[in-house]
Structure formats: structure tokens, C-alpha cells
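Chemist: sequence unknown, structure follows:
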Ligand SMILES: O=P(O)(O)OC[C@@]1(O)O[C@H](CO)[C@@H](O)[C@@H]1O
Ligand SMILES: [Mn+2]
């Protein structure tokens, strides 16, 4: 109880600093990333003129301040042993999973049915199925909890039957290019050589299920032979996946009473055991840096990603970090907005929740603004935006 009181008082202090637009203060508790965070704060300070004073909540770049808030929430917890490994968002993440049960059952059933025939599918049928699981994973990204202020945001309808209706909401659609890349890898792959797809995960609960369905499909269709997943080392943006969420979810499936749900759980645990699925984390994903800084700030992670044949970045926050969260012209090429970040061919799979979007056709953004003013932030629209081999 003493620890809880302490954490709550630290969190109240944080809320007060935020609400009254106080200066952003350095982190105090020693942790693996404390020095890097404090250096980044100094860098933000260096961008200001003398007369502008200190970085502050209402004034500093949103990407930085928002990441900092989640890191400070974590600081309040690590300063309060013995509850220093408590995940303040765990309850809402689990709730999202339980409330999406029906949709999860539908997905697991769909996947297991598909598995029965996958070996016999013609190329064009396989491509159709690939596009379906990609779209499932895209719309899975609607269900994050930070946008709803932590309120429930689960998937209640059957996503598979909605795919056709949702197609007009895909603003950039590079699915064909993903197919070309992976089907080419499959055709030209020598026996015993590998095709590795890395998935930079976003939210736990329903979205994670959709990503694992995609990952399982990639293996079963032989479009890939190995999947590396990256999650977050600390609780992040309410719903983001940590290793505990990842393991918890697979266990839930495995012990489910539903035949196909538990089959998925068993298969997925097996993928992990056999090393076909590898879960990794790295502190870089919970730093405030944009991805073009990765080769400098986290050269080990950058080198690791270079070994992938394709990297899929799930979610809105990853898109903001890919593009540096800048006020780009809507028509600027994605490649340019990446600002030199290209460890391997990569694709963003995200629903739009923040006011950054590049690579649109001339006039497309203007048309959307006229017909649907909240198009950039409602999560109603989505993209598959690919930056291919150089
Ligand atoms: O990365 P996700 O889960 O798709 O979305 C997270 C996110 O919507 O939450 C924030 C709102 O607080 C947005 O800035 C951010 O992009
Ligand atoms: Mn998220």
C-alpha cells in the first residue's frame, strides 16, 4: 500500500506538471535508457533560442512530449518497489482481448479453415488470401486504446465480412508490391535458405491476433520462412504489446475452450519453440527518436533489421516515427519522408490517427478534407505504404 501511495503521488505530480504546462524535467531514476532520454531533452533544449526558455508540455513537439509522458508514467512505477514491474495498462489490454472474443473466434476459425487447403491453392488464390490477411491486420489497427483515452476499443463485428466494404478507405495501397517481393523470394529461394519478415508490433489484444494470423499465413504459404516480432520493453501508449502481453495472449488462446482458438494457440507456441517465430525487444522502440536516427542511436537494432527481407511497421505511432511526425506536403514521396531510413524494404500498415500523411496523389488530400474533415485522425482510413528495394 505504501508503494501504491508513492506511485499515485508521483503520477499526480506528473499530471499537474502536464496540466499547468511546466518545463519538461530530466528523468531521475537510473534505468537502461535514462541517459539517452536526458540527452534527448538537452537536444530539444538546444533547438530553442535563449528567450524561448525550456522545453514545455504545450510547446515542444508532440511526438517527444507524448513519448515522454509514457516514460514518466513508467518512472513513477519503477520508483515504487515492490510494484516496480506493474503494468498500469494491463487491465485495459486484457479487457480489449476479452471483449473481442467473437471476432477472435471468427479469425482463428478462418485461419484454420484456410490451412486445410493452403497447399493446393493456385498462385492467384494465394495472392487473394494474402491480401485478405494483410487487410485484416490493417483494420486490426483501429483498436488502439490511447486514442480512446484508455476506454474500450474492441472489435465487435466480424472483420472478414467487412473487408470489401472497407476497401474504399485504403488511401495508399501497395499490397501488389508486397506480393511481388515475397512471391519472388519464394520462387528464387534455394533449399534451406531463408526469407525473413520482421513485424514491428503495435497494439496487444485484437490487433496482435490479426498480426499473428498474418504471420502464420506467411509461414504456411511459404512466402516467408521466419518471422521476427518486435514489441515494447515498457508499457507504452496504453495498448502496445510487451513480452508479457505476447505470451499471455498465446496462452489464453491455447487454453481456450474453442477448438480453433486453442489450435492457433498450440500452433503459435510451436512456431516459437521451433524458432520460426522470434520475439525480440529493444529500448529504441520506447525512445522519442524518429527512425532516421536509428542507425546512430541504436546501430545494433539497425544492423539486425538489415537482415530482414521485408519489415512491416504496424500502427500510427510507427508511421509518425517513420516520417519524423513532420508537417509534410501530402504528395511528398514516402521515400523522401523516411529521411534516409531504409534498413530493408519496408511497409507501413496503419490506420490514420495523427495528422501526418505522405505519398498521396495530387488533390487526394483536398478531396478528403472536403468530404470528411476528420479523415486524418478518426482511424477510419488506412494505408499500405511500401518503400521497396533500392
Ligand atoms: O500507434 P497506434 O496504436 O496505432 O496509435 C497510437 C496513437 O493513436 O495514439 C496517439 C494518441 O494519443 C496518437 O498520436 C498515436 O499515433
Ligand atoms: Mn499503439
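Modeler: Nice, thanks for sending it over. Note that the structure is a prediction, hence the values are computed from the model and not measured. Numbering: from 1, shown residues only. Ligands and ions are numbered 1, 2, ... in the order given.
Chemist: Now do stretch 57-65: distance from first to last residue.
Modeler: 6 Å (Cα to Cα, to the nearest Å).
Chemist: typed the wrong thing, it's stretch 53-63
Modeler: Using Cα to Cα, the end-to-end distance of stretch 53-63 comes to 19 Å.
Chemist: Can you give me the buried ones in stretch 351-358?
Modeler: 351-354, 356-358 (16 or more other Cβ atoms under 10 Å). From N, CA and C alone the C-beta is placed, and that goes for glycine too.
Chemist: ah, wrong one, I meant stretch 85-97
Modeler: So for stretch 85-97, counting by 16+ other Cβ under 10 Å, buried means 88-89, 92-97.
Chemist: Next: stretch 7-15.
Modeler: Across stretch 7-15, burial judged by 16+ other Cβ under 10 Å covers 7, 10-11, 14.
Chemist: Which two among those are spaced furthest apart?
Modeler: 7 and 14 (10.5 Å; Cβ to Cβ).
Chemist: intersection of neighbour lists for these two?
Modeler: Counting by Cβ atoms under 8 Å, 6 or more residues apart in numbering, the residues touching both residue 7 and residue 14 are residue 76.
Chemist: before we move on, back to that, and ligand 1, which of the buried residues of stretch 351-358 reach it?
Modeler: Taking Cβ under 6 Å from any ligand atom as the test, ligand 1 is in contact with 353-354 out of the buried residues of stretch 351-358.
Chemist: Put together JSON lines for the buried residues of stretch 351-358, with secondary structure, pLDDT and distance to ligand 2 on each row.
Modeler: Shown next, in JSON lines, are those (DSSP: H, G, I helix; E, B strand; the rest coil; pLDDT from 0 to 100; distance: Cβ to the ion, whole Å):
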{"residue": "351", "secondary structure": "strand", "pLDDT": "97", "distance to ligand 2": "11"}
{"residue": "352", "secondary structure": "coil", "pLDDT": "97", "distance to ligand 2": "14"}
{"residue": "353", "secondary structure": "coil", "pLDDT": "96", "distance to ligand 2": "9"}
{"residue": "354", "secondary structure": "coil", "pLDDT": "97", "distance to ligand 2": "11"}
{"residue": "356", "secondary structure": "coil", "pLDDT": "98", "distance to ligand 2": "15"}
{"residue": "357", "secondary structure": "coil", "pLDDT": "98", "distance to ligand 2": "17"}
{"residue": "358", "secondary structure": "coil", "pLDDT": "98", "distance to ligand 2": "20"}
